[in-house]
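>>> okay, predicted coordinates and the sequence, questions at the end:
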Amino acid sequence: MSALEAVPRIESRSNRGSATWMVVPALVLLIGFFALPYLTIITMSLREASTRAVYGEGLTLSHYTTALGDFYIWGILGRTLLIGATVTVLSLLLGYPVAYHLAKSRSRWTSLLYIFVLSPLLVGLVVRTFAWMIILSNNGVANQALKAIGLITFPLQLMNNSLGVTIALTHVFLPFIILPLLGNLQAISPDLAMASRSLGASRMRTFWKVTLPLSMPGIQAGTILVFVLSISAYVTPAMLGGTGGRTMSVLVVQYLVDNFRWPAGAALAIIMAAVAVMFVGLYLKLTARAMRRLP
Amino acid sequence: MTGASCGVEKTIWDRLFTSLVAAIYIFLMFPIVLVVLLSFNSGEFLAFPLEGFSLRWFEALFSNKRFLDATLYSIQIAAVSTIVNGVIGTLAAIYVARYAKVARDFMRLIMTAPLLVPEILTAIALLFYFYEIRIGTDYSIGIQIGHIVVTFPYVFLNVSSALFNFDRSQEEAARSLGASGWMTFRRVTLPAIKPGIITGCLFAFVISFDIFNISLLLKSLGKNTLPLELFDYLRFNFDPTAAAIASLSIFMTFTAILIIDRTVGLRSLRF
């Protein structure tokens, strides 16, 4: 046995030098066309604006100071964060029951239900947002239904505002919280809940005191993912946000594509990323306390 | 007996919980089902009531050259991304799983990084970068590289996970029986990790077909991918032709899901 083990180990050690070629193409791709490009966002944001070229000669911090002194941009940033936070809370409230149900489910329909959760993830964003336009527009399915049951006489404004963006984004990103939670819940031994029950705790109490605390890592991972995705989403706010639901990503793309103001757009993108990092950092700090009690 | 003690008895709370979960499943699927229904509806408007079954919107779609061109362009970009990533993603996964020692965590991080950052930021970064290194966006090379970068982690993660579950003693057995390194790889390792490669490639294809932000910022003038074409179309039109395009893209996705489910099982997906 030791002889058998020893042979491949020596082999792999001597092979390591010659195996390096395997990883070279991937590293070239990801350093050359992913890591380095990110640096150019920073350098671009420091360039002077120019009317004749993409950017001028000198370097400046003025794009940051202008953006940070602009109430309009603060308003959009605030709206973006509010939408992000609402979508995160809603997806947690809707996603947890589904993940819990899927984790416990032993029925033969489980794999079909799994497809229900997974498929929205693989259907394109434009398609899913388009579906929500059909539902939320003034003559849309939702308003038709509300009228038919007599709740309203005039159509509600469900689109071209933050409300529409929030509803659609919650649908779009729901799978991203269900899947990490599902993985987490499946990893929790059922014996723990059973022990709690046999010691006399009610099912509610068992859930609050055993299952929920143990699923904190899944909650943390899923909520961060949904928050980051929803504050950086472009397609959904661009398609059904209108001016009333405009977010930072929409503004940045407008700067880059429509107004051709690359340096100022770069500064906005960095402000957006910095705010996201700050919020995630703060959130990690706050949830760390809840996580520390875990085994 | 244990079954009874952990609660098979249905209480009112169980029923409430089941209805809640059912409502959420409906919420998840409803928009997708709606689009497919309306694409087969003969009526002029994207609204209820349904008027009758018709393929007229698909006919409208297939007689529209812009949509056909966009579909072919999307397939071309997705196919190149899939093939390139199928090779370099698999090689990288094998290297990281087998040979990387000191830098393993760093390599894992950089190989999955395109998934961890918002796609819109990657698109902006590449837009600036291609300008600075004079590649620009006049040709398809920019958008193609963008698609390869963003879909790379899907192949890498799925192959890595297949390698993790693979028992290496089979390789050792092959080697000790005299097989060469290449022979062992081709006859033992490759068949064992093939499901991971297939899943990763299908996933990369579907994602590349769907992604929007990268295409929006890196496209060359006048060349639209299908999502871009649909996005542009919806700015000025709001009719069931759009639903027909959406339906086609949904069918493609479900075909991929079905293949994955039948071959390796959906639960082995990694992302």
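Perfect, thanks for sending it.

>>> go through chain A and flag its longest helix.
Longest helix in chain A, counting residues (DSSP state H): helix A:71-104.

>>> same question for chain B.
Max-length helix for chain B by DSSP H is helix B:65-98.

>>> leaving out the residues flanking it, which one is nearest to residue A:100?
The shortest distance from residue A:100 to any non-neighbouring residue, by CB to CB, 6 or more residues apart in numbering or on different chains, is to residue A:185 (6.2 Å). Quick note: C-beta positions are derived from backbone N, CA and C, even for glycine.

>>> show me what contacts the one you found?
Neighbouring residues of residue A:185 by CB atoms under 8 Å, 6 or more residues apart in numbering or on different chains: A:99-100, A:103, A:211, A:215, A:218.

>>> so can I have TSV of those residues showing distance to residue A:160?
Listed next are those as TSV, based on distance: CB to CB, whole Å:
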residue	distance to residue A:160
A:99	32
A:100	35
A:103	38
A:211	41
A:215	37
A:218	35
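
>>> can you give me the helices in chain B?
Here chain B has its helices, by DSSP H, at B:2-5, B:12-39, B:56-62, B:65-98, B:104-116, B:119-132, B:140-164, B:169-176, B:181-184, B:190-210, B:213-218, B:226-236, B:240-263.

>>> chain center to the fifth one: distance?
Same thing as helix B:104-116. 19 Å (CA atoms, centre = their mean, to the nearest Å).

>>> secondary structure element for the residue nearest to residue A:100?
When elements are assigned from DSSP states H and E, residue A:185 belongs to helix A:162-187.

>>> quick one: buried residues of the helix or strand containing residue A:65?
Here residue A:65, judged by DSSP H and E, is contained in helix A:62-68. Under the neighbour-count criterion of 16 or more other CB atoms under 10 Å in any protein chain shown, helix A:62-68 has A:63-64, A:67 buried.

>>> who's in contact with that helix?
Helix A:62-68 is contacted from outside by A:45-46, A:48-49, A:73, A:263-264, A:266-268, A:270-271, using CB under 8 Å, 6+ apart.

>>> these: which ones sit near chain B?
Filtering those for neighbours of chain B using CB under 8 Å from any CB of the partner chain leaves residue A:266.

>>> number of residues surrounding residue B:25?
Close neighbours of residue B:25, defined as other CB atoms under 10 Å in any protein chain shown, add up to 17.

>>> residue A:220 now?
18.

>>> just checking, next helix/strand downstream of the one helix or strand it maps to?
In the assignment (DSSP H and E), residue A:220 maps to helix A:216-232. Using DSSP H and E, the helix or strand that directly follows helix A:216-232 along the chain is helix A:235-240.

>>> hmm, back to that, now the buried residues of helix A:62-68 as a markdown table including distance to residue B:59?
Formatted as a markdown table, the buried residues of helix A:62-68 follow (distance: CB to CB, whole Å):
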| residue | distance to residue B:59 |
| --- | --- |
| A:63 | 50 |
| A:64 | 53 |
| A:67 | 49 |
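
>>> list just the nearest of those residues to chain B.
Nearest to chain B among these, counting by CB to the nearest CB, is residue A:63 at 13.7 Å.

>>> what residues are up against the residue lying closest to that closest one once chain neighbours are set aside?
The shortest distance from residue A:63 to any non-neighbouring residue, by CB to CB, 6+ apart, is to residue A:267 (3.6 Å). Residues counted as contacts of residue A:267 (CB under 8 Å, 6+ apart) are A:45, A:63-64, A:67.

>>> where does the prediction get shaky in chain A?
A:1-17, A:290, A:293-295 (pLDDT under 70).

>>> quick check, central residue of it?
Taking CA atoms, centre = their mean, the centroid of chain A lies closest to residue A:229, which sits 2.4 Å from it.

>>> leaving out sequence neighbours, find the closest residue to that residue.
Leaving aside its sequence neighbours, residue A:229 sits nearest to residue A:173 (CB to CB, 6+ apart; 5.3 Å).

>>> residue B:90 now?
Nearest non-adjacent residue to residue B:90, counting by CB to CB, 6+ apart: residue B:159, 5.0 Å away.

>>> please identify the buried residues of the helix or strand hosting the residue nearest to residue A:63?
Under the criterion of DSSP H and E, residue A:267 resides in helix A:262-292. Across helix A:262-292, burial judged by 16+ other CB under 10 Å covers A:262-273, A:275-276, A:279, A:287.

>>> so which elements touch the longest helix of chain A?
Using 3 or more CB pairs under 8 Å, 6 or more residues apart in numbering or on different chains; DSSP states H and E, the elements in contact with helix A:71-104 are helix A:110-122, helix A:162-187, helix A:216-232, helix A:248-253, helix A:262-292, helix B:12-39.

>>> and it, how far out from the chain middle?
Centre to centre, stretch against its chain (CA atoms, centre = their mean), the figure for helix A:71-104 is 9 Å.

>>> just the angle for that helix relative to helix A:110-122, thanks.
In terms of direction (axes from the mean of the first three to the mean of the last three CA atoms, to 10 degrees), helix A:71-104 departs from helix A:110-122 by 160 degrees.

>>> returning to that earlier point: in the helix holding residue A:185, what's buried?
Across helix A:162-187, burial judged by 16+ other CB under 10 Å covers A:162-185.

>>> same question for stretch B:20-32.
Neighbour-count burial for stretch B:20-32, counted by 16+ other CB under 10 Å, picks out B:21, B:24-25, B:27-28, B:31-32.

>>> for the record, mean pLDDT for that stretch?
Throughout stretch B:20-32, pLDDT has a mean value of 91.

>>> and stretch B:188-198, by the same measure?
Mean pLDDT, computed over stretch B:188-198, is 87.

>>> mind exporting the C-alpha coordinates of it to CSV?
Taking C-alpha atoms only, stretch B:188-198 is exported to CSV below (Å, rounded to 0.1, in the frame of the first residue of the first chain):
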residue,chain,number,x,y,z
VAL,B,188,-9.6,7.0,-16.8
THR,B,189,-9.7,10.6,-15.8
LEU,B,190,-11.5,12.1,-18.7
PRO,B,191,-14.5,9.7,-18.7
ALA,B,192,-14.8,10.2,-15.0
ILE,B,193,-15.0,14.0,-15.2
LYS,B,194,-17.0,14.1,-18.4
PRO,B,195,-20.3,14.8,-16.7
GLY,B,196,-18.8,17.8,-15.1
ILE,B,197,-17.4,19.1,-18.4
ILE,B,198,-20.7,18.6,-20.2
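
>>> list the buried residues in it.
Using 16+ other CB under 10 Å as the test for burial, stretch B:188-198 gives B:188-189, B:192-193, B:195-198.

>>> in chain B, which helix or strand is least confident?
For chain B, counting by mean pLDDT, DSSP states H and E, helix B:2-5 ranks last in confidence among helices and strands (a mean of 41).

>>> residue contacts, the residue nearest to residue A:229?
By CB under 8 Å, 6+ apart, the residues touching residue A:173 are A:87, A:91, A:225-226, A:229-230.

>>> ok, 10 Å please
By CB atoms under 10 Å, 6 or more residues apart in numbering or on different chains, the contact set of residue A:173 is A:87-88, A:90-91, A:95, A:120-121, A:222, A:225-230, A:233, A:236.

>>> drop anything exposed from the residues you listed.
Burial by neighbour count, judged by 16+ other CB under 10 Å, picks out A:87-88, A:90-91, A:95, A:120-121, A:222, A:225-230, A:233, A:236 from the contacts of residue A:173.

>>> residue A:178 and chain B: what is the separation?
Relative to chain B, residue A:178 is positioned 9 Å away (CB to the nearest CB, to the nearest Å).
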